[in-house]
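> kindly return the folded structure for what I paste below:
(one chain, ligands or ions: 2)
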Amino acid sequence: MEHKIVLIPGDGIGPEIVREAKKVLDGVCGKYGHTFQYEEALIGGASIDTYGIPLTDDTIAAAKSADAVLMGSVGGDAATSPWYQLEPSKRPEAGLLKIRKELNLFANLRPAYLYSQLKEACPLRPDIIEDGFDLLIMRELTGGLYFGDRKTYEENGVWTAVDTLVYNEQEIRRIAVKGFEIARKRQKKVTSVDKANVLDSSRLWRKVVEEVSADYPDVKLEHMLVDNCAMQLVRDPGQFDVVLTENMFGDILSDEASMITGSIGMLSSASLNETKFGLYEPSHGSAPDIAGQDKANPIATILSAAMMLRYSLDLDQEADAVEQAVQNVLSQGYRTVDIMSEGCTCVGTREMGELIVKNLLAQA
Ligand code: IPM
Ligand code: MG
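Ligands and ions are numbered 1, 2, ... in the order given. Next comes the predicted model:
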């Protein structure tokens, strides 16, 4: 099958992790006889350096013409990078928010799974993770606080800043439907996370999620306040299946969830709209401190490429094979530095990518 994929390496470690994920995709093509046509595009600081803005119309057009987008990471060191001398709307992260909005990628899936091989890298006590965990954060990605009106102003010598958190029922309904649909394919449980004891937007969220749940009698629904959820994630992560939540809560909880898997370097993500199109990127950031040093863990990006095969290209068997190759390489004891533990072999970004490709090709 022929597919068009746009690669957007981005900043920091982005180019090296996307390079390794592309090798894996090439391996998939060779093994299964597919043809992927690639186009590269810029975002974030890389785009600022070339065009003066973090996202151009050309990048948006390229993404729209593709079946899927595989992205690296966006942003630099805010303390030292000149990108952060620019006004906020021209900084690297603005490009990321804009591409999500332009492509209407309202559903962000962030799975957090504890690999048995990485139990030692998990910061939680062994008795807490005895039975492992396998959860998915379904984060609303194009509404809420990150997209509401904001301003900073001075009045009578006092500076004030305002951000607004807005959700309408349609935005809530469509992400809730995605959450229940995916729960149906998993353990059939949705934990909807909000702050309904304080926020109006959360009270509407809860009401709409309740309404949607009526169409999914086979899926169990529970509501949880976000502060409690932050606590429950480290107390008993095994209780969760699908965590359905709004933009900012999902941003925060997904970082927490990734940490308890042992490394944020393992976590993939998919951002989807109403169609099959999706943008796939690791959940982690651009790690400018280790960029270009062959230290970054490419697994999150490789697993994001696997999600892309599954959700946008309908290549389930190929996605399974990539995930299996990652498992095998971990079982053989290879680790990047972020997940290193005693007795294992520490490898760099490039070698990890190559080991995964080799494993993929060796599978029956
Ligand atoms: C993420 C990131 C972004 C977000 C930032 C860089 C704008 O933290 O993808 O989680 O908050 O969405
Ligand atoms: Mg984040």
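> model confidence score at the residue in the stretch 251-364 of the chain positioned nearest to ligand 1, please.
With Cβ to the nearest ligand atom, the shortest gap between the stretch 251-364 of the chain and ligand 1 falls at Asp251, namely 4.3 Å. For glycine as for every other residue, the C-beta is placed from the backbone atoms N, C-alpha and C. On pLDDT, Asp251 comes in at 95.
> which ones are touching the nearest residue to it once chain neighbours are set aside?
Once flanking residues are discounted, Asp251 sits nearest to Arg139: 6.8 Å by Cβ to Cβ, 6 or more residues apart in numbering. The contact partners of Arg139, by Cβ atoms under 8 Å, 6 or more residues apart in numbering, come to 107-110, 245-247, 249-251, 254.
> measure Arg139 to ligand 1 for me?
8 Å (Cβ to the nearest ligand atom, to the nearest Å).
> buried sites along stretch 280-298?
Within stretch 280-298, the residues scored as buried using 16 or more other Cβ atoms under 10 Å are 280-288, 290-291, 295-298.
> enumerate the residues of this protein near ligand 1.
Counting by Cβ under 6 Å from any ligand atom, the chain comes close to ligand 1 at 75, 93, 96-97, 251.
> got a winner among these for most neighbours?
Top of those by neighbour number is Gly75, holding 24 neighbours under the definition other Cβ atoms under 10 Å.
> do you know the pLDDT at the nearest residue to that residue once chain neighbours are set aside?
Spatially, and ignoring its direct neighbours in sequence, Gly75 is nearest to Pro92 (4.5 Å; Cβ to Cβ, 6+ apart). According to the prediction, Pro92 has pLDDT 97.
> quick one: Pro92 from Ala63, how far?
17 Å (Cβ to Cβ, to the nearest Å).
> more neighbours, the two?
When Pro92 and Ala63 are compared for neighbours, Pro92 comes out ahead with 27 against 23, by other Cβ under 10 Å.
> I'd say the more buried one and Gly45 touch.
Yes. The criterion here is Cβ atoms under 8 Å, and Pro92 meets it with Gly45 at 4.6 Å.
> identify the contacts common to those two.
Here Pro92 and Gly45 share the contacting residues 11, 54, 74-76, 83, scored by Cβ under 8 Å, 6+ apart.
> sitting in helices, which of those do you find?
If you go by DSSP state H, the shared contacts of Pro92 and Gly45 have nothing in helices.
> need the residues you listed in a markdown table with pLDDT, can you?
A markdown table is the format used below for the shared contacts of Pro92 and Gly45 (pLDDT from 0 to 100):
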| residue | pLDDT |
| --- | --- |
| Asp11 | 98 |
| Pro54 | 98 |
| Val74 | 97 |
| Gly75 | 97 |
| Gly76 | 97 |
| Trp83 | 98 |
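> grab the longest strand from the protein for me.
Identified as the longest strand of the chain according to DSSP state E is strand 2-10.
> so which residue is dead centre in this protein?
Centroid-nearest residue in the chain: Ser269, 2.8 Å away (criterion: Cα atoms, centre = their mean).
> my guess is that residue meets His284, correct?
No. Using Cβ under 8 Å, Ser269 and His284 do not qualify as a contacting pair, with a distance of 9.4 Å.
> okay, and Val190 sits in which element?
Here Val190 sits within strand 189-194, counting by DSSP states H and E.
> could I get the buried residue list for the helix or strand following that strand?
Downstream of strand 189-194, the first helix or strand assigned by DSSP H and E is helix 200-213. Of the residues in helix 200-213, 201-202, 204-206, 208-209, 212-213 count as buried by neighbour count, 16+ other Cβ under 10 Å.
> dump the residues you listed into CSV; add pLDDT as well.
Formatted as CSV, the buried residues of helix 200-213 follow (pLDDT from 0 to 100):
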residue, pLDDT
Ser201, 98
Ser202, 98
Leu204, 98
Trp205, 98
Arg206, 98
Val208, 98
Val209, 98
Val212, 98
Ser213, 98
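> just the closest of these to Lys220, please.
In terms of Cβ to Cβ, no member of these lies closer to Lys220 than Ser213, at 8.9 Å.
> quick check: closest non-adjacent residue to the closest one.
For Ser213, ignoring the flanking residues on the chain, the nearest one in space by Cβ to Cβ, 6+ apart is Leu221 at 4.3 Å.
> quick check: that neighbour vs Gln239, distance?
Leu221 sits 14 Å away from Gln239, going by Cβ to Cβ.
> quick one, which of these two is more surrounded?
Leu221 (21 against 14).
> identify the bridge partners of that one.
Beta-bridge partners of Leu221, counted by DSSP bridges, are Val190.
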